[in-house]
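In: Below are the sequence and a predicted model for it; my questions follow.
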Amino acid sequence: MPLNRDELIKLKHQIEPMDYLVVESGHERILVIRTEREFPDLVNDLECMINKLDIRDTNELSHALIIGEEEVVGVPLKAIEALIERRMEEDERIATDLSEKLIEPYTTLLFESENDPIKTLRLGIRVAGNIGDFKPQQLPEILFSKIKSLPRHSEVIYLIADDGYIRLSGTEFYRRLGEFLKEHPTINKELAKEFIYLTRGKLADYFIEKGLDDDVLSQGRQENINKYLTEEIPEPAKRETFQVETEIKAEIETEVGSEPAIEGPPKQLGKSIIERLGAQTDIKTETKPDTDQSWPSAASFIDKLQEKLSETGFEVVHGLEIPGSDLVANNPESIINRVFLCYMPMFNLKKALALERSINRYSPELSIIIGARDDPDLKLFVVGKNILITDVDTILNTNLLVHLEEHI
């Protein structure tokens, strides 16, 4: 392995499952892929990742490897080169087919390739003019201001021009689209409205409706929601949850050592567990937060938080019970449309697991736990989850709620 054990453990926690990072260490350039499996499956993991790879990240590699939960395996570079070559041939075929189907400028087509074994969802968009007329930095002005309809969740985007095509990552494409619509909400109102609707997800479809009276929610509907939310978790699932938490905690306590000798990765995809816990934190010491700290009562804090939310454009959804969450906030004008908020001065595992279950069911854009940021149990719990830890003073007295998109 081109990296030592400590470096591999840190990368395991730094990279999200089914994502990757290119690491430069000395004269070596290493492609590190993270799989969600316990033991990497060379064929299936590469098949799933090949469409996510930026071709520039596969140039001049010295090594490639896949990190699983229990094992790390090396990847022959020839295998990656062969898959990239196959992908490029498939892209050429797809682009030719799209150029015949998409005639009018700014029309779209959502599809799956028949030759793709994992059925990646793809989106073709017709643009006016030639490739030479299309500058990447002009993407918002040329495309986002004119396109009429845009399905979400496509992993690969093809911009079809008169003389060729451009292939884009779906993640990057939708990120830029969200930024454009937030900065220019009136340029393409039709698309902005559709984008906001599509980002609302299951939770909004279930109970957040435009014009809903904050103080009145159908009793029958609420009973159905509560029944759905409070279904018992099967016992094996409970054991699995506690086992995962215990394994992560034990691994960090025993394995994490000094910082790795890794210089300047060209693609940063998240914060490592070391960065999350802080450079000065002694992970082996189970130090609880200062019990002398003065925490407001839950009722008092929630009253103040509701005032703060209204000041920043969020609406509190009343009459709703989400396990593990004290408040659900909704902002239809923001990319961060839906937020779960949980007040937890001292770490409560039962409440935290209930919150995690609600997050998995309804996929909010972000969840916020207001608690002790130096609590090691809380820090370990949020690893790998779309949860932000903050404190009372920060959420009530700063502009944190205005800039939530930085934490998504």
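Out: Noted; the coordinates are in hand. This is a predicted model, so every value here is computed, not measured.

In: can you confirm Pro332 is in a strand?
Out: No: note on Pro332: no strand contains this position according to DSSP: H, G, I helix; E, B strand; the rest coil, which reports coil.

In: And the pLDDT at it?
Out: Looking at Pro332, its pLDDT stands at 76.

In: what separates it from Asp54, distance-wise?
Out: 33 Å (Cβ to Cβ, to the nearest Å). The way it works is simple: take the backbone N, C-alpha and C, and place the C-beta from them, glycine included.

In: ok, those two, which is more surrounded?
Out: Pro332 (17 against 14; other Cβ atoms under 10 Å).

In: Quickly note the distance from the more buried one to Leu404.
Out: For Pro332, the distance to Leu404 - Cβ to Cβ - is 14 Å.

In: hey, where'd the strands end up in this structure?
Out: For the chain, the strands defined by DSSP state E cover 19-25, 28-34, 63-67, 72-74, 108-112, 121-126, 156-161, 164-169, 315-316, 327-330, 338-344, 366-371, 387-390.

In: Burial check on the closest residue to Leu327 other than its chain neighbours, number of neighbours?
Out: The spatially closest residue to Leu327, leaving aside those adjacent along the chain, is Leu341, at 4.3 Å (Cβ to Cβ, 6 or more residues apart in numbering). Residues near Leu341, counting by other Cβ under 10 Å, number 27.

In: again, but for Ala128
Out: Ala128 is flanked by 14 other residues according to other Cβ under 10 Å.

In: Of the strands of the chain, which is nearest Leu355?
Out: With distances scored as Cβ to Cβ, the stretch of the strands of the chain nearest to Leu355 is strand 338-344 (5.4 Å).

In: Just checking: what are the partner strands of the closest one?
Out: Applying DSSP bridges, strand 338-344 is found paired with strand 327-330 (antiparallel), strand 366-371 (parallel).

In: Convert the shortest one to CSV, retaining C-alpha atoms only.
Out: Coordinates of the C-alpha atoms in strand 327-330 are reproduced here as CSV (Å, rounded to 0.1, in the frame of the first residue of the first chain):
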residue,chain,number,x,y,z
LEU,A,327,-38.7,21.9,15.6
VAL,A,328,-39.2,21.5,11.8
ALA,A,329,-38.4,24.7,9.9
ASN,A,330,-39.3,25.3,6.3
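
In: Residues contacting that strand, please?
Out: If you take Cβ atoms under 8 Å, 6 or more residues apart in numbering as the criterion, strand 327-330 is touched by 203-204, 208, 302, 305-306, 309, 314-317, 320, 322, 337-341, 364.

In: Also stretch 77-86?
Out: Contact partners of stretch 77-86, identified using Cβ under 8 Å, 6+ apart, comprise 31, 42, 46-47, 50, 53, 55, 58, 61, 63-64.

In: Also stretch 154-164?
Out: 51-52, 91, 94-95, 98-99, 102, 110, 120-134, 143, 165-171, 173.

In: and these, which are buried?
Out: Neighbour counting by 16 or more other Cβ atoms under 10 Å classes 51-52, 91, 94-95, 98-99, 102, 120-127, 134, 143, 165-168, 170, 173 among the contacts of stretch 154-164 as buried.

In: list the buried ones in stretch 312-321?
Out: By 16+ other Cβ under 10 Å, the buried positions in stretch 312-321 come out as 314-317, 320.

In: Please list all residues in contact with the nearest residue to Met49 once chain neighbours are set aside.
Out: In space, and not counting its chain neighbours, Met49 is closest to Ile33: 5.5 Å by Cβ to Cβ, 6+ apart. Each residue near Ile33 by Cβ under 8 Å, 6+ apart is listed here: 19-20, 45-46, 49, 64-67, 75.
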